[in-house]
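Trainee: got a sequence here, can you build the structure:
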Amino acid sequence: MDKKEIDNLISGYRAAANRLVLLDYDGTLVAFEQIPSNARLPQYLNDLLEGLIMNPGTKVFVITGRASADIEVMLDHLQISIIAEHGSMIREGGIWKNLTSGFCPWKKSVIPIMKKAVADCPGSFLEEKKCSLAWHYRNADLRSGIVHSRNLIRNLGETVLPKGFKVLDGNKVVEVIPGDTGKGKAVMMLRGQDKYDFILAIGDDKTDEEMFMCLSDDASSYTIKVGPGKSHAKFGFESIDEVISLLKQLSG
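Mentor: Below is the predicted model of the structure:
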């Protein structure tokens, strides 16, 4: 994203009366950590987000794949709206709501498959969330993690995809979520609740592509992919530092 494009974004933001800002967490606001609980917001970034939230006519969401309890700890006392578990959970006004049925009998058939992947790939681990299951291989040997992730995706495809579930191939994580959820569906829900004349969505992962795709037809939206790789986002940033720089300009 060049200077002219950033200037146009900032001008559009300032001219808008009703804004929606959607920010992924890991890889977008903070760097990935081997121990996920270490990926905390530095105080200056916390202050930037508070400034953004306080801007009149601005609704800010952190939209993440993290579990609701986990991201709530990461954001600590920050009074910010949150969409967690790839669109399965939402927090507004400090109150969490489940956007799915919350009934997850399908986990019984998926857990053994993921546990086998844990046993086969040292350093990997299984995370159970309210509405999803995730196999993480960030702390495993990279080559081994990639090989076993491909095997896991293939095995899960044979087991869960025919039943209407999604297998997400994320940043060193493979996750199973209900087919009727996703970041794209969550964004569509927000768009249906209000008329925004400016939308900014920033993310770094494959799981953010749904969000970018559902905003592709909105001329007033700016979608930004952080890091390398093909994307449906309209623009790109090379690093988190560029995200922080933009937020500084918007929150001032």
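Trainee: mind checking the SS state of E33?
Mentor: Here E33 is coil, with the state taken from DSSP: H, G, I helix; E, B strand; the rest coil.
Trainee: adjust the sequence numbering to begin at 4 for everything that follows.
Mentor: New numbering, starting at 4: the last item is E36.
Trainee: list the contacts for the closest residue to it other than its chain neighbours?
Mentor: Distances taken as Cβ to Cβ, 6 or more residues apart in numbering put A42 closest to E36, at 4.4 Å, once the chain neighbours are dropped. (C-beta placed from N, C-alpha, C; glycine too.) Residues near A42 by Cβ atoms under 8 Å, 6 or more residues apart in numbering: 28-29, 33-36, 77.
Trainee: how close does A42 sit to V76?
Mentor: Look at A42 and V76: by Cβ to Cβ, to the nearest Å, they are 11 Å apart.
Trainee: just F64 next, same as before
Mentor: According to Cβ to Cβ, F64 and V76 sit 17 Å apart.
Trainee: these two: which is more packed in?
Mentor: F64 (20 against 12; other Cβ atoms under 10 Å).
Trainee: check contacts around S219.
Mentor: Contact criterion Cβ under 8 Å, 6+ apart gives 226, 235, 237 as the residues in contact with S219.
Trainee: now render those as JSON lines, adding pLDDT and neighbour count.
Mentor: Shown next, in JSON lines, are those (pLDDT from 0 to 100; neighbours: other Cβ atoms under 10 Å):
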{"residue": "T226", "pLDDT": "98", "neighbour count": "25"}
{"residue": "H235", "pLDDT": "96", "neighbour count": "15"}
{"residue": "K237", "pLDDT": "97", "neighbour count": "17"}
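Trainee: of these, which belong to strands?
Mentor: Judged by DSSP state E, those include T226 as members of strands.
Trainee: which residues of this structure score low on pLDDT?
Mentor: Low-confidence segments of the chain (pLDDT under 70): 104-106, 164-165.
Trainee: understood, closing this out.
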